[in-house]
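Participant: Provided below are the primary sequence and the corresponding predicted coordinates.
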Amino acid sequence: MRLPGGTPPARFFLALCVWRLVQRRDAAGTEEVVFGKVGGSILLLCRNVSKEATEVVWFQGDPHTFPPLFSSRVAFPPDVRFSLVDNSSLRITELRVQDEGNYTCKEVLNKTDHEHRVRLLVANPPHSTPKCWAETSSSGLMLQLFCSWPGGYPHPTLHWREEGHDLENSSWVISSTSSSDTHVETLNGSHLSHRKVFKCVGSHVVKQEEPACTVEIKIPSLESEPPKTCFVGDNVTLTCRVTESTPAARLTWLRGITQPQVEIQPGGRYLITQEGNVSRLTIRNCSQGTDGGCYVCKAQNPVGLRELFICLTVKQPVNIVGVVGAVVVLSLLAILTVTGIVLYYNPLLCLRGAAFRNQDSGDILVLVDSEDDEEGKGEEETMSSSTKHEAMALVNGNSVQAAYLNCLTEGEPWCLPDGRVLGQEPPALLLSGGSSRSSCRAGRNSCCLACWLLLR
């Protein structure tokens, strides 16, 4: 088979393929990437423009698909944001996100065309500063450093440093991962120490300064807890509080030195709750045989380990009713004992209290000053000028003579019936069954006869 002109088919197709390759190579030209900031301006250069070029045309997108955006020879609808510089480069002002994309500069020559492609990225830097924090890996043995700087486009570049050196080149880095605007470094815990500082530095294509944040790792610190007491059958709660730890510590409970490696698991009589940095162990139905002793609160992070001992004493409950009853009985015995001792050594207190009761109990005391005319007739010669004072007492409705009242008022000494003088103080003598009437008479040893009435 021969084509028109006598050209063999194989030679024709070979020539066609070579022509297409040359054309694609010339049209492809060079390509670069430039960044612009939202609201700013950018200059897209059409590089290697020949002086022999008759026209320079700019396209946004594929020049074989989209119409020209700007030309050095043809007037297009005006857009104040676009302008041509030096008849070749394209300037765009007041950049918008919609302006992002591929731009093509096409140089028109007499025989061939030369194209130069530029990819424009309209960037938006983050408005905040990077945030840093530390966490413990799932295994509990490694440290994870997180650095996040959101809100920017394209995504920023983040890297960790320690004492001025990048961690990426350190031997203690286990892994390094980046996801959008967050960078994570996983470190071996064997190289960590208390209060070591790590620094995260961020950079962005349209931001000149490099903001940073720091993390200071710390070993856990626990707040001491006083000993606890629980009565048999009651519930008790032990509290463990972490005051300082970076990253956050894992809290566990152990059964003291008797079982140092056995971790208490929640369930049954044990209830374990944790809120933030506070862990609580509740023991239900305390048993004196199994629950007494010391418990260990263990706080651990990749930096180190701290332990706190909390001792629990289990006691038998106290019978409150029995204690109160015993106190009441002892109080009554004490009162009765003191009363008996006082009455034994000073019985007059009882008699005086009974003799001088208040009027509400019906006791009336009347003092009568009178001349005894009838008795005065028989003794008129010996006692013509004397006046006898008698005291009449009404005690509980019974009328009695109380001669000793006369003695008290006249200040005469006291005497017994046999004439013995006892002095000015009344005798501690009670004449039971004695005379209910006695008198104070002068001339009988100048004393008064003491007569105590037995009050019924």
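Facilitator: Structure's in. What do you need?
Participant: where are the low-confidence patches of this protein?
Facilitator: Scanning the chain for pLDDT under 70 picks out 1-30, 75-77, 110-111, 257-261, 319, 321, 346-456.
Participant: For stretch 34-50, list every residue counted as buried.
Facilitator: 35, 36, 37, 38, 42, 44, 45, 46, 49 (16 or more other CB atoms under 10 Å). The C-beta positions use only the backbone N, C-alpha and C, and glycine is treated the same way.
Participant: bridging residues for the closest residue to residue 74 other than its chain neighbours?
Facilitator: Leaving aside its chain neighbours, residue 74 sits nearest to residue 68 (7.2 Å; criterion: CB to CB, 6 or more residues apart in numbering). Beta-bridge partners recorded for residue 68 (DSSP bridges): residue 59.
Participant: what do you get for residue 42?
Facilitator: With DSSP bridges as the rule, residue 42 is bridged to residue 92.
Participant: Wait, it touches residue 34, no?
Facilitator: Yes - using CB atoms under 8 Å, residue 42 is in contact with residue 34, at 6.3 Å.
Participant: any idea how far residue 274 lies from residue 218?
Facilitator: 19 Å (CB to CB, to the nearest Å).
Participant: So these two - more neighbours on which side?
Facilitator: Between residue 274 and residue 218, residue 218 has the larger neighbour count (other CB atoms under 10 Å), namely 17 against 11.
Participant: Got the phi and psi for the more buried one?
Facilitator: phi -140, psi 150 (degrees, to the nearest 10).
Participant: Just give the number of residues close to the closest residue in space to residue 274 that isn't next to it in sequence.
Facilitator: Closest residue in space to residue 274, ignoring its immediate chain neighbours: residue 251 at 6.1 Å, by CB to CB, 6+ apart. By the criterion of other CB under 10 Å, residue 251 has 23 neighbours.
Participant: counting contacts, what elements does the biggest helix by length in the chain pack onto?
Facilitator: Scanning the chain for the helix with the most residues, using DSSP state H, yields helix 320-345. Judged by 3 or more CB pairs under 8 Å, 6 or more residues apart in numbering; DSSP states H and E, helix 320-345 is in contact with helix 348-355.
Participant: Identify the contacts common to residue 42 and residue 34.
Facilitator: residue 120 (CB atoms under 8 Å, 6 or more residues apart in numbering).
Participant: For the stretch 1-150 of the chain, just list every one of the strands.
Facilitator: Assignment of strands within the stretch 1-150 of the chain using DSSP state E, counting those that start in this stretch yields the ranges 30-37, 42-44, 55-60, 68-71, 82-85, 89-92, 101-108, 113-123, 131-136, 142-148.
Participant: Which residues does the shortest one contact?
Facilitator: With CB under 8 Å, 6+ apart as the test, strand 42-44 has contacts from 34, 36, 58, 85, 89-92, 95, 103, 105, 118, 120.
Participant: Of those residues, which is the most crowded?
Facilitator: Counting neighbours by other CB under 10 Å, the top entry in those is residue 105, with 26 neighbours.
Participant: contacting residues for residue 152?
Facilitator: So residue 152 contacts 123, 124, 125, 126, 181, 204 (CB under 8 Å, 6+ apart).
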